[in-house]
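Colleague: need coordinates for the below:
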Amino acid sequence: MWYSSIPIAELADRSSHLSQSFSRPRANEMVDIQDPPPIWNDVAPPTMVELRLMASQVNSICRLLRAEVPPGRDVVGCAVFGYGGCLIIVPKIDTVFDRVSQDRLRAHETAHCNGWQHETN
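Modeller: Purely as a prediction, here's the structure:
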């Protein structure tokens, strides 16, 4: 089930005020992405859809979709299930999110679509 019945394009418009609170990493900072265990590194499910947005939009929309994130951290990507499929939201390639970071984040979110969940301590 989707967390919201609002179309993604409208979410971006409605979340523009939330983008102001996004603390964008500087270009020389490494983006912290947890690599899933190898068992979850599989091909994307055929019903998976990928949406690439600006980093501030990813943070805002994923928060609206109730992505879990530790306090004080920004959301850099998320996976949302519904209507028999899985939507992953990742940032576009720019000065902070290079191809390598985007590929690692895509693998992380694809693993969620394949059933992986973060380990809790």
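Colleague: show me where pLDDT drops low in the chain?
Modeller: 1-32, 120-121 (pLDDT under 70).
Colleague: now with 90, please.
Modeller: Within the chain, the segments meeting pLDDT under 90 span 1-47, 55-56, 63, 65-75, 81-84, 94-98, 101, 117-121.
Colleague: do you have the strands of it handy? List them.
Modeller: Taking DSSP state E as the criterion, the chain carries its strands at 48-53, 78-82, 85-91.
Colleague: can you redo those as TSV with distance to residue 40?
Modeller: (Each C-beta comes from the backbone N, C-alpha and C, glycine too.) Formatted as TSV, these follow (distance: least, C-beta to C-beta, whole Å):
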stretch	distance to residue 40
strand 48-53	14
strand 78-82	12
strand 85-91	13
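Colleague: same list (those strands) but as CSV, adding distance to residue 39 and mean neighbour count.
Modeller: Shown next, in CSV, are these (distance: least, C-beta to C-beta, whole Å; neighbours: other C-beta atoms under 10 Å):
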stretch, distance to residue 39, mean neighbour count
strand 48-53, 18, 16
strand 78-82, 17, 19
strand 85-91, 18, 21
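Colleague: nearest to residue 111, of the ones you listed?
Modeller: strand 78-82 (8.5 Å; C-beta to C-beta).
Colleague: who are the packing partners of the closest one?
Modeller: helix 55-64, strand 85-91, helix 99-113 (3 or more C-beta pairs under 8 Å, 6 or more residues apart in numbering; DSSP states H and E).
Colleague: dump the ones you listed to TSV, plus distance to residue 47.
Modeller: TSV is the format used below for the helices and strands packed on strand 78-82 (distance: least, C-beta to C-beta, whole Å):
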stretch	distance to residue 47
helix 55-64	19
strand 85-91	4
helix 99-113	8
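Colleague: follow-up on the earlier one: looking at the strands of the chain, which is nearest to residue 33?
Modeller: Smallest distance to residue 33 across the strands of the chain (C-beta to C-beta): 10.3 Å, for strand 85-91.
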